[in-house]
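Novice: Give me a model of this one.
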Amino acid sequence: HFDQTENGSFTFQVEKFFYPVIYLIHTNLGKLQCIMPSTPEELLITQKGWSISLIIEKNLLMLFASDNQKKANLEFIFRGITVPATGLSTYYIPLEGHAAIGSIIDVSISLLALETYYYALYPHEDKKRMDGHLSAPFPKFSA
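Specialist: Residues are numbered from 1 along each chain as shown. Presented below is the predicted three-dimensional model:
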């Protein structure tokens, strides 16, 4: 919104955008939270140019953030997740604090955490030349 302050947060549902390619640029200091339409098992991540991208059903979400703080503030929210018996992966953060095993919670994962996870999968690839040909599933919830 045009009245939003520089450090204000904004939450939206990705599935409300009906475009084959969505460019998302996060430049302010507040959180930008994207409510995801499906579970992580149905999503893929890839790198295109210098940015991590998400493939959501038939849509490509191109993500851009200028620094690590802004990447940490760009979050993807998954609602109503049952915490597995082995706990959550270190990449996910419960939104309402830590929950008991087997309870239903909302979790988030930041663009920074996704980038860390993706680069750990392909440590020997030249980051300058990655062109989207390497895709990977989202991190699993169980550790």
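Novice: Helix, strand, or coil at Glu41?
Specialist: Secondary structure assignment for Glu41 (DSSP: H, G, I helix; E, B strand; the rest coil): helix.
Novice: what lines up beside the strand of greatest length in the chain in the sheet?
Specialist: Ranked by residue count under DSSP state E, the longest strand found in the chain is strand 74-82. Applying DSSP bridges to the sheet, strand 74-82 is found paired with strand 32-35 (parallel), strand 104-110 (antiparallel).
Novice: Report the mean per-residue pLDDT for the longest helix belonging to the chain.
Specialist: Counting by DSSP state H, the longest helix found in the chain is helix 111-121. Averaged over helix 111-121, pLDDT sits at 91.
Novice: what's the next secondary structure element after it?
Specialist: Toward the C-terminus, helix 111-121 is succeeded by strand 131-137 as the next helix or strand (DSSP states H and E).
Novice: Show me what that next one is packed up against.
Specialist: With contacts taken as 3 or more Cβ pairs under 8 Å, 6 or more residues apart in numbering; DSSP states H and E, strand 131-137 sits against strand 43-48. For the C-beta atoms, the positions are set from N, CA and C on the backbone; glycine is no exception.
Novice: residues of the strand it packs on that come out buried?
Specialist: Across strand 43-48, burial judged by 16 or more other Cβ atoms under 10 Å covers 43, 45-47.
Novice: Then stretch 119-137?
Specialist: Met130.
Novice: Flag the shaky bits of the protein, pLDDT-wise.
Specialist: Within the chain, the ranges that satisfy pLDDT under 70 run 1-6, 97, 127-129, 143.
Novice: Export the buried residues of strand 43-48 to CSV and append columns for distance to Phe76.
Specialist: Below are the buried residues of strand 43-48 laid out as CSV (distance: Cβ to Cβ, whole Å):
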residue, distance to Phe76
Leu43, 9
Ile45, 10
Thr46, 15
Gln47, 16
